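> Sharing a sequence plus its predicted fold:
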Amino acid sequence: MTHVLVAYTDDEPGVLNRVASLFRRRAFNIHSLTVGSTEKAGVSRMTIVVDTDEQGAARAQTNLEKLLNVQKVENLSMRPSVVRDLVLLRVSADASVRPAVIQLAQTFRAAVVDIAPGSLVLECTGSASKIDALLEVMKPYGILEMGRTGVVAMSRGAESCGAQAPDASPESLAANFQ
């Protein structure tokens, strides 16, 4: 079963290497790893997807929490959550098949972000299964190039699983944007 772990870390050099090394040493295969900034300055958010059982996910979470620069880790696998992936896809599409490719893209709510004489670039966001289905229907036309971001996930509802509750004072909010 795939498990989605979200780790809040210090935004410093070497943290990604330590996290990846932890998974390598324990023989976990990372299926997806996405890192980005958060609403709090100096904090990064890593979304890590691994294929393991419940015990393996718990062990991975415990080991991550022990790393020096990791502030907090959440396992979103058993919580209601929003999970998304993004793909940019270059599909072969000359004038004769372009309308069919665009119609299929619209079915998946994919946007056409570039048009060239012999191809289209599509952008699609959604679940991994939606992205996989889009790829399957585009294969007959010829996939020329593809780039996927990897999974980004967040728990549903009002409760944040962030590293620390943000200070909502106007002064602290202003400081975060300077």
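Cool, got the structure. Numbers count the residues shown, from 1 in each chain.

> which residues touch the longest helix along the chain?
As assigned by DSSP state H, the longest helix anywhere in the chain is helix 54-66. With contact meaning Cβ atoms under 8 Å, 6 or more residues apart in numbering, helix 54-66 is reached by 1, 3, 5, 7, 19, 22-23, 26, 28, 50, 52, 70, 72-73, 75, 77. In this view, the C-beta of every residue, glycine as well, is placed from N, C-alpha and C.

> mind redoing it with 7 Å?
By Cβ atoms under 7 Å, 6 or more residues apart in numbering, the residues outside helix 54-66 that reach it are 3, 5, 7, 19, 22, 26, 28, 50, 52, 70, 73, 75, 77.

> Could you pull out the buried residues of it?
56-57, 60-61, 63-64 (16 or more other Cβ atoms under 10 Å).

> following it, which helix or strand shows up next?
Once helix 54-66 ends, the next helix or strand along the chain (criterion: DSSP states H and E) is strand 70-75.

> partners of the helix or strand just after that next one in the sheet?
Using DSSP H and E, the helix or strand that follows strand 70-75 towards the C-terminus is strand 81-92. Paired neighbours of strand 81-92 in the sheet (DSSP bridges): strand 119-126 (antiparallel), strand 143-148 (antiparallel), strand 152-155 (antiparallel).

> any chance of those in TSV, plus distance to Leu104, mean pLDDT and mean neighbour count?
Formatted as TSV, those follow (distance: least, Cβ to Cβ, whole Å; pLDDT from 0 to 100; neighbours: other Cβ atoms under 10 Å):
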stretch	distance to Leu104	mean pLDDT	mean neighbour count
strand 119-126	9	97	19
strand 143-148	13	96	13
strand 152-155	25	90	19
